[in-house]
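Asker: output the structure for:
(2 chains)
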Amino acid sequence: KQEVTQIPAALSVPEGENLVLNCSFTDSAIYNLQWFRQDPGKGLTSLLLIQSSQREQTSGRLNASLDKSSGRSTLYIAASQPGDSATYLCAVRGRAETSGSRLTFGEGTQLTVNP
Amino acid sequence: NAGVTQTPKFRVLKTGQSMTLLCAQDMNHEYMYWYRQDPGMGLRLIHYSVGEGTTAKGEVPDGYNVSRLKKQNFLLGLESAAPSQTSVYFCASSRTGSSYNSPLHFGNGTRLTVT
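Answerer: Residues are numbered from 1 along each chain as shown, chains lettered A, B, ... in the order given. Now for the predicted structure:
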């Protein structure tokens, strides 16, 4: 059974700092890995999706990397801003799945960026 | 530009009562999902649908039923609510299920309390 772990559970940084969020998964047979952002009381917003054949994806100040063989992904946020404060979740879609999209989610990292 | 819309946003039920949560998407997505989010347990898949008229069980289906009579709508029913079903429920949709590049789009959630 796929398990996804995110460390740390919470992170507080000053504005302007570059930071890295970590995601690890136990089964490397995956289709893709997706990073989401969740604001309090809101749903999840997709940030980046990395296909199993890719090593990284970039969107603005965000860069996500994937090392499938070691079961790890990182989300790099450059020049953090208070507006980046949210919970960040990663999710993997396993190749072993049949029809449907059974993503396995981590519990998230709660990020606070202090002005 | 609605995306995925969930109704209601909040609901309080007494044990044994029934209710239906409605999810509507306007992106012509084939796949739709219901998740529940609980502290310490992350997001867990309840049921999903790979197309109009189809449904399938996810990770935690007991106590819930679903229907997908129209492509744009996915209904989640609780026939006899229990306190263990107190949670935040999220609906999501995706263009396909197994495509490498098919991110999930989430609604804003329904916060359900069962007393």
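Asker: closest residue of chain A to chain B?
Answerer: As assessed by Cβ to the nearest Cβ, chain B sits closest to residue A:43 within chain A, at 3.6 Å. To be clear about C-beta, it is placed using only N, CA and C from the backbone, and glycine gets the same treatment.
Asker: give the contact list for that residue.
Answerer: Contacts for residue A:43 (Cβ atoms under 8 Å, 6 or more residues apart in numbering or on different chains) come out as B:4, B:90, B:92, B:106, B:107, B:108, B:109.
Asker: quick one: the second one is in a strand?
Answerer: What that stands for is residue B:90. Yes: assignment of residue B:90 by DSSP: H, G, I helix; E, B strand; the rest coil places it within a strand.
Asker: by contact count, what packs against the lowest-mean-pLDDT helix or strand in chain A?
Answerer: Ranking every helix and strand in chain A by mean pLDDT, DSSP states H and E puts strand A:103-105 at the bottom, with a mean of 88. If contacts are counted by 3 or more Cβ pairs under 8 Å, 6 or more residues apart in numbering or on different chains; DSSP states H and E, strand A:103-105 sits against strand A:86-94, strand B:42-49.
Asker: so what strands line up beside the first one?
Answerer: Strands adjacent to strand A:86-94 in the sheet, as given by DSSP bridges, are strand A:30-38 (antiparallel), strand A:103-105 (antiparallel), strand A:109-114 (antiparallel).
Asker: same list (these) but as CSV, adding mean neighbour count.
Answerer: Converted to CSV, those look like this (neighbours: other Cβ atoms under 10 Å in any protein chain shown):
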stretch, mean neighbour count
strand A:30-38, 23
strand A:103-105, 23
strand A:109-114, 17
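Asker: what ranges does chain B have for its strands?
Answerer: Taking DSSP state E to define them, one finds strands in chain B at B:4-7, B:10-13, B:19-25, B:31-38, B:42-49, B:56-57, B:65-67, B:73-78, B:87-94, B:105-106, B:110-114.
Asker: and the fifth one, average pLDDT?
Answerer: To tie it back to what came earlier, the one meant is strand B:42-49. Mean pLDDT, computed over strand B:42-49, is 92.
Asker: what comes into contact with that strand?
Answerer: A:4, A:44, A:89, A:91, A:100-103, A:105-108, B:31-38, B:55-61, B:64-66, B:68, B:74, B:76, B:89-90.
Asker: same check on the last one?
Answerer: The list of residues contacting strand B:110-114 from outside it, by Cβ under 8 Å, 6+ apart, reads B:6-15, B:19, B:21, B:81-90.
Asker: swap the cut-off to 7 Å and go again
Answerer: Strand B:110-114 has contacts (Cβ atoms under 7 Å, 6 or more residues apart in numbering or on different chains) with B:6, B:8-13, B:15, B:21, B:81-83, B:85-89.
Asker: could you do stretch A:24-34 as well?
Answerer: Counting by Cβ under 7 Å, 6+ apart, A:2-5, A:46, A:49-52, A:66, A:68-69, A:71-73, A:90-96, B:98, B:100, B:103 sit against stretch A:24-34.
Asker: fine by me, thanks again.
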